[in-house]
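Colleague: Okay, sequence plus prediction incoming.
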Amino acid sequence: MQAWVIGNWKQNPATTSAVNALLDDLLSKVDAEEATNPAMANSRCQLMVAPSCIHLSAVSARLSGSSILSAAQNISSHSADIGAYTGDCSAQQIADTGATWTILGHSERRQYHQECHDSLVQKMSHAFAQNLGVVFCIGETQQQYDDKQTLDVLDLQLSVIKEVLEHQPNLIASLSDRLIIAYEPVWAIGTGKVPTVAEVSNTHQHIKQRVASFVDMSDAITVLYGGSVNADNAESFASDPMIDGALVGGASLKAESFLMIANAFSQANA
């Protein structure tokens, strides 16, 4: 299975010039690595970045023709195309920027914007309707982890996928190509706290089995880990076959650290 390393830039960088500088650094380093080692172009894991919506069109244009994909961080739940929804961006508008994926259900969206099951069902349906792939984020809080409720919480969050498939069974055949799940324990995001590789591996196995129970799938679903992933710990996560890549936050804002994480997964999957 191909590994993925995705950079969630969140509300960063602040300016267009800073975005361009980050892209310049990222693209030049990728080109330099592939020039030094041509085989890397074929063995590298799939890279993707998710800038803020205001920069998405420019980033997508800059990455066009490169091996790096672009994604949105969110889409509207109200409509797949247009409507009187001030401040929202629809799946069709995101696709029009050149982005091919969107992140959905990130814990910060759940916490600060009260995203719930029903809204995520709508968002996922809209994304698929506009041929966007979905990086679906799930994860438990510190209290839920301490109370040993992790798997129950994840099962409830994964039921969004089950409901979407019940309404759109035509998606089943291509699901493994159009859906990536990112397991991000809320207590590990940006805190420096990191679960053990064994914990993450066992949780990923549960997630894969749970999604497979929804449908008869010949291909396993891709499951990434996110939560204080950095250049120092990436190799240990990459060494586990249940961990198919990483959703990276702060470390994706520096090309060097982002590519060190990517290279760890590329080498593990070589």
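Modeller: Now that the structure is in, tell me what you want to look at.

Colleague: Number of residues surrounding residue 153?
Modeller: In terms of burial, residue 153 registers 17 neighbours under the definition other C-beta atoms under 10 Å. The way it works is simple: take the backbone N, C-alpha and C, and place the C-beta from them, glycine included.

Colleague: Excluding chain neighbours, what is closest to it?
Modeller: In space, not counting the residues next to it along the chain, residue 153 is nearest to residue 140; the distance is 4.4 Å by C-beta to C-beta, 6 or more residues apart in numbering.

Colleague: Confirm for me that the one you found is in contact with residue 148.
Modeller: No: no contact is recorded between residue 140 and residue 148 when judged using C-beta atoms under 8 Å, the distance being 9.9 Å.

Colleague: low-confidence ranges in the stretch 151-270 of the chain?
Modeller: Per-residue confidence of the stretch 151-270 of the chain (counting by pLDDT under 70) places the weak regions at 218.

Colleague: residue boundaries of the strands in it?
Modeller: For the stretch 151-270 of the chain, strands defined by DSSP state E, counting those that start in this stretch occupy the ranges 179-183, 222-225, 245-248.

Colleague: Residues touching the second one, excluding its own?
Modeller: For strand 222-225, contacts defined as C-beta atoms under 8 Å, 6 or more residues apart in numbering pick out 1-2, 4, 6, 135, 176, 179-184, 200, 204, 207-208, 237, 242-247.

Colleague: Let's see that with 6 Å instead.
Modeller: Outside strand 222-225, the residues within contact range by C-beta atoms under 6 Å, 6 or more residues apart in numbering are 180-183, 200, 204, 207-208, 237, 243-247.

Colleague: Same list, those, but as a markdown table with distance to residue 49 please.
Modeller: Supplementary listing: the contacts of strand 222-225 in a markdown table, determined by distance: C-beta to C-beta, whole Å:
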| residue | distance to residue 49 |
| --- | --- |
| 180 | 14 |
| 181 | 19 |
| 182 | 14 |
| 183 | 20 |
| 200 | 23 |
| 204 | 23 |
| 207 | 24 |
| 208 | 25 |
| 237 | 19 |
| 243 | 20 |
| 244 | 18 |
| 245 | 14 |
| 246 | 13 |
| 247 | 11 |
